[in-house]
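Enquirer: Any chance you could fold what I've pasted below:
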Amino acid sequence: MKKEQLASKFYDEAYALLEMIKQQKENTKDFRAQYQKVFNSFKDIPSKENDADNRDIEDVINWTSYRLGKPVDEITRDEFTSYLDSKLFSSPRNFDFYFRIGETSGFTDGYVLGNGKLYPFNKLPPPIQNHLRNEFPHLIEEDRAYEGENLDNYVKRREQEWYLHIQVQSVGHYKAREKAITNAKRNVNILKLIYNPHGSLFDYNIQSPFDYLFQIDGSIGPGGGYQHKMQSIFFSRIDALDKMVGDMTSIMNSKNPTALDRRILNVVDVFGLIDDLTPLHVRFLLCIVSLENLLLDERDYLGWKLAEKISYLVGDTRAWFATHYKIDFGDEQKLKDMFTGENIARARIALDETIHDFYDKRSDFAHRGLESKPSKRITVNDYYLASSILMWTVEKLLELRRDKNIDHIPNDPRDGREDNASLNYYLQKMKYR
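Expert: Numbering: from 1, shown residues only. Now for the predicted structure:
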């Protein structure tokens, strides 16, 4: 069906709904069913699903009489169609969202994070600053960082905080919020995975997910939610991690992501499900599942193939080497002296055994739950190491993506082809070189 026909179907379904409003059938089962037909017909129109969601459509229809300035009984089909066209089929508008991040150190104004940018309070647009200052006296009771924090100290703290600016395009503001919150979560999940996979940034992943405002056509709308009461967020920029953040940013902003890019983004999203309230066992499982999603294909034997791939990818990295041999990361000379072929082989074997052990614990928990054998119980240290291995694996894949043009996992199915863009082919060459 052509786009014009699909749009015509939407207008038909919407006008049928308006007729039911004229007949005062709003409280009937048929009325809700008709609304669903309206929603479905709109989603069927190519490119329009990304411009408005159900709440936007419902809002437009509910305000028809008020916005046209006449009783609903007097509204003609042509008037209603023209009204819908102006509200739902106009060009998308820019919505600017400002998400509260917290106090930071070392970040520059406009630091690019995913498809957003970080700014301090004093670099926000003046209308946003003024709106926030007017709200501070009303927010302090729900948002104190400590008992006894007075308004002056609260305002000073809030004015030291940073915000994540994200711009999205949409026709409806509800759809714009959905897009912006999805992007904000993914951007912050990059920080969670790269900066500290063990949990100090997990407070970001709360329901709201955090305070935000949006600006459209000069007007400002409130967001929702507060960070956890009596808790302040702070993190410092680490220059050495900028390359990883930059690689993640390029993946997020790519219009044609590769198969590997999509796997990496999926890991960011899955790892982002972990928050302060996530049980230890679930955190551990999400890390192992993320590693599986990242590295395996349908032809792999899960446990041993996962261990083999990780041991070759990460087994000779400084991070795993220092962890396995308990060398301080700052002890450059000892790392250099120990970094021999024999020790690298031992480190790889140890990592292979570690992943086998983790996979056994994952399988045991999946079948026995909390009744696992003592030797198979998941510990805090298991989670810490699993989350670190996940981060190191992502770092290595980003490096291979950047330097070796690796863009997918399985080999090309055509026999005899040297698939230099395949991770599996890259690892085969490592094994037999």
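Enquirer: what about Arg368, distance to His281?
Expert: Distance from Arg368 to His281, counting by CB to CB, to the nearest Å: 11 Å. All C-beta spots, glycine's among them, are computed from the backbone N, C-alpha and C.
Enquirer: Mind naming the longest strand for the protein?
Expert: Longest strand in the chain by number of residues (criterion: DSSP state E): strand 93-105.
Enquirer: now whichever helix or strand comes after it, how far from the centre of its chain.
Expert: Using DSSP states H and E, the helix or strand that directly follows strand 93-105 along the chain is strand 111-113. Strand 111-113 has its average C-alpha position 15 Å from the chain's average C-alpha position, going by CA atoms, centre = their mean, to the nearest Å.
Enquirer: where in this protein is pLDDT low?
Expert: Residues of the chain that meet the criterion pLDDT under 70 lie in 1-3, 196-212, 214, 217-218, 221-234, 299-301, 371, 412-417, 433.
Enquirer: Settle it for me: which of Arg368 and His281 has more neighbours?
Expert: More neighbours surround His281 than the other of Arg368 and His281, with 18 against 11 (other CB atoms under 10 Å).
Enquirer: residue contacts, that one?
Expert: Phe365, Leu370, Ile378 (CB atoms under 8 Å, 6 or more residues apart in numbering).
Enquirer: again, 7 Å this time
Expert: Phe365, Ile378 (CB atoms under 7 Å, 6 or more residues apart in numbering).
Enquirer: any idea how far it is from Phe365?
Expert: His281 sits at a distance of 6 Å from Phe365 (criterion: CB to CB).
Enquirer: chain center to the strand or helix carrying Tyr119: distance?
Expert: In the assignment (DSSP H and E), Tyr119 maps to strand 116-120. For strand 116-120, the separation from the chain centroid amounts to 17 Å (computed by CA atoms, centre = their mean).
Enquirer: now stretch 47-63
Expert: Taking the mean of its C-alpha atoms, stretch 47-63 sits 24 Å from the chain's own mean (CA atoms, centre = their mean).
Enquirer: Please report phi then psi for Ser422.
Expert: Reported as degrees, to the nearest 10, the phi and psi values for Ser422 are phi -90, psi 130.
Enquirer: so what's it closest to, chain neighbours aside?
Expert: Closest residue in space to Ser422, ignoring its immediate chain neighbours: Asn411 at 4.8 Å, by CB to CB, 6 or more residues apart in numbering.
Enquirer: What segments of the protein are strands?
Expert: 93-105, 111-113, 116-120, 162-170, 212-216, 219-222, 234-236.
Enquirer: Direction included, what does the first one pair against?
Expert: The strands beside strand 93-105 in its sheet (DSSP bridges) come out as strand 162-170 (antiparallel), strand 212-216 (antiparallel), strand 234-236 (parallel).
Enquirer: Run the angle between the longest one and strand 116-120 for me.
Expert: The directions of strand 162-170 and strand 116-120 differ by 140 degrees, with axes from the mean of the first three to the mean of the last three CA atoms, to 10 degrees as the criterion.
Enquirer: Now do strand 162-170: everything it contacts.
Expert: Residues from elsewhere that reach strand 162-170 (CB under 7 Å, 6+ apart): 51, 92-102, 104, 107, 113, 115-121, 124, 176, 179-180, 183-184, 187.
Enquirer: Kindly export it (C-alpha atoms) in CSV.
Expert: This file holds the C-alpha atoms of strand 162-170, laid out as CSV (Å, rounded to 0.1, in the frame of the first residue of the first chain):
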residue,chain,number,x,y,z
TRP,A,162,26.8,19.3,34.9
TYR,A,163,24.2,18.5,32.4
LEU,A,164,23.9,16.3,29.3
HIS,A,165,22.4,18.2,26.4
ILE,A,166,20.7,16.0,23.8
GLN,A,167,18.8,17.4,20.8
VAL,A,168,16.2,15.2,19.1
GLN,A,169,13.8,15.8,16.2
SER,A,170,10.1,14.9,16.5
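Enquirer: For it, which residues meet the burial criterion?
Expert: By neighbour count on 16 or more other CB atoms under 10 Å, the buried set for strand 162-170 is Trp162, Tyr163, Leu164, His165, Ile166, Gln167, Val168, Ser170.
Enquirer: Quick check: nearest residue in space to the last one, chain neighbours excluded?
Expert: This means Ser170. Nearest to Ser170 is Ala176, by CB to CB, 6+ apart, at 3.9 Å.
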